[in-house]
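**Q** Predicted model follows, preceded by the sequence.
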Amino acid sequence: MAKEKIRVLIAKPGLDGHDRGAKVVARALRDAGMEVIYTGLRQTPEMIAEAALQEDVDVVGMSILSGAHMVQVPRVIELLQANGMGDAKVFVGGIIPDEDIPLLKEKGVSAVFGPGTNTILIGETIREAVLGE
C-alpha cells in the first residue's frame, strides 16, 4: 500500500517580505512528491499554527530572514503543542546565526537550513524525520 504524501506547511513569519527562498523550497518539496501549502508573507505565529491545524500537516517549515527567529519559532512550537500538534516536525530556514541553532533545537526544531542548502537535502531530511527513511 502506498504511503500518504507528507503534508508540509511553508510559512514566512513576521514582517520579512522576501519569499524567494521559501518558494524555491516549496516547489522542490512538491517536486519531491510532498503536498505543500504555502501561507504567504507576513504570517503571525497564531496564523501559522492555525493553518497547520486546519491543513493537518506533518511538517511546518518557516523561512526567516528578519532576525526574529528566537521569538517567532518558539511561539509557533508552543501554539502547535497547545493545538495538539506537538508531533508535527518543525524546520527553519533563512539567516540563522550558528549560535542560535542549538537553542532552536532545544525548543523543538528538527533542523535548520541556511542559505544555499541543497533542496534535495532538505527533502531527504524531512522525509527521514517524518517517515524514518
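**A** Received it, and whenever you're ready, just let me know what you need.
**Q** And the pLDDT at the residue nearest to Arg75 when sequence neighbours are not counted?
**A** The spatial neighbour of Arg75 that comes closest, neighbours along the chain excluded (CB to CB, 6 or more residues apart in numbering), is Pro45 at 3.9 Å. For glycine as for every other residue, the C-beta is placed from the backbone atoms N, C-alpha and C. If you check Pro45, the pLDDT there is 97.
**Q** tell me the SS of the residue nearest the centre of the chain?
**A** For the chain, the residue nearest the mean C-alpha position is Gly61 (0.9 Å; CA atoms, centre = their mean). Following DSSP: H, G, I helix; E, B strand; the rest coil, Gly61 is assigned to strand.
**Q** Identify the bridge partners of it.
**A** Counting by DSSP bridges, Gly61 forms beta bridges with Ile10, Phe91.
**Q** picking that back up, thinking the residue nearest to Arg75 is in contact with Leu80, fair?
**A** No: assessed by CB atoms under 8 Å, Pro45 is found out of contact with Leu80, at 9.3 Å.
**Q** Contact partners for Asn83?
**A** Residues near Asn83 by CB atoms under 8 Å, 6 or more residues apart in numbering: 49-50, 52-53.
**Q** List buried residues within these.
**A** Using 16 or more other CB atoms under 10 Å as the burial test, the contacts of Asn83 include 49, 52-53 as buried.
**Q** tell me which of these is nearest to Ile6?
**A** Ile6 has its nearest neighbour among the buried ones among the contacts of Asn83 in Ala52, at 13.4 Å by CB to CB.
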